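In: Provided below are the primary sequence and the corresponding predicted coordinates.
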Amino acid sequence: MSNPQQLRYTKEHEWVSEVDADGVATVGITEFAANALGDVVYAQLPEVGATITAGESCGELESTKSVSDLFAPVDGEVVEANQDVVDDPALVNTAPFEGGWLFKVKITGEADLLTADEYAALTKG
């Protein structure tokens with residue numbers, strides 16, 4: 001399992017892209033989390049315009065195994081939700097770092113995120 005080096009990660013297994021010029025980052029769950037969940041069959045994503053707070057639940061993913069909370073990795077305002085994932089939740093499993101992204105957020109605060117190497121150490125074993 002390879003975690004893209006340019007992304008940052010949370011201990012709750014979300015990834016955050018680099019922030020663009022508008023202060024917006026893309027958020028998804030890692031391949032590790034997607035594999036642990038099993039086949040994702042339903043995604044409840046935060047609504048556009050919602051304010052999210054790092055560490056707090058902002059949605060959920062339901063798989064054939066369980067329902068898992070989606071935790072906000074950063075503080076900010078949701079500016080886009082991935083409708084493709086709502087329509088086809090299996091994208092979370094098949095392309096967690098590409099088409100299976102979950103939402104975009106305009107970041108309003110500092111985030112305590114892990115590097116790819118730190119995340120790999122967290123998930124080892």
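Out: Yes, it's here.
In: Determine which residue lies closest to the centroid of the protein.
Out: Centroid check for the chain by C-alpha atoms, centre = their mean gives residue 28 as the closest residue, at 2.4 Å.
In: From what I see, that residue and residue 99 are in contact.
Out: No - if you go by C-beta atoms under 8 Å, residue 28 and residue 99 don't touch, sitting 9.6 Å apart. No exception for glycine: its C-beta is placed from N, CA and C like everyone else's.
In: Let me know the secondary structure of residue 100.
Out: coil (DSSP: H, G, I helix; E, B strand; the rest coil).
In: Could you report the distance from it to residue 112?
Out: As judged by C-beta to C-beta, to the nearest Å, residue 100 and residue 112 stand 24 Å apart.
In: Looking at the two now, which is surrounded by more residues?
Out: residue 100 (23 against 11; other C-beta atoms under 10 Å).
In: quick one, what contacts that one?
Out: Residue 100 makes contacts with 28-29, 34, 82, 85, 91-94, as judged by C-beta atoms under 8 Å, 6 or more residues apart in numbering.
In: Could you do residue 101 as well?
Out: Residues in contact with residue 101 (C-beta under 8 Å, 6+ apart) are 26-28, 82, 85.
In: do the same with residue 90
Out: Contacts for residue 90 were tallied using C-beta under 8 Å, 6+ apart; they are 39-41.
In: Could you tell me the per-residue confidence at it?
Out: Note on residue 90: pLDDT of 96.
In: Kindly report the same for residue 3.
Out: The model reports residue 3 with a pLDDT of 89.
In: and the gap between it and residue 33?
Out: If you go by C-beta to C-beta, the gap between residue 3 and residue 33 works out to 11 Å.
In: sorry, back to before: in three-state terms, label the residue nearest to the centre of the chain for me.
Out: strand.
In: What's opposite it in the beta bridge?
Out: Residue 28 forms beta bridges with residue 15, as assigned by DSSP bridges.
In: Just the pLDDT at it, thanks.
Out: Looking at residue 28, its pLDDT stands at 97.
In: swap in residue 67?
Out: 94.
In: my guess is it meets residue 61, correct?
Out: Yes - applying C-beta under 8 Å as the test, residue 67 and residue 61 come out as touching, 7.4 Å apart.
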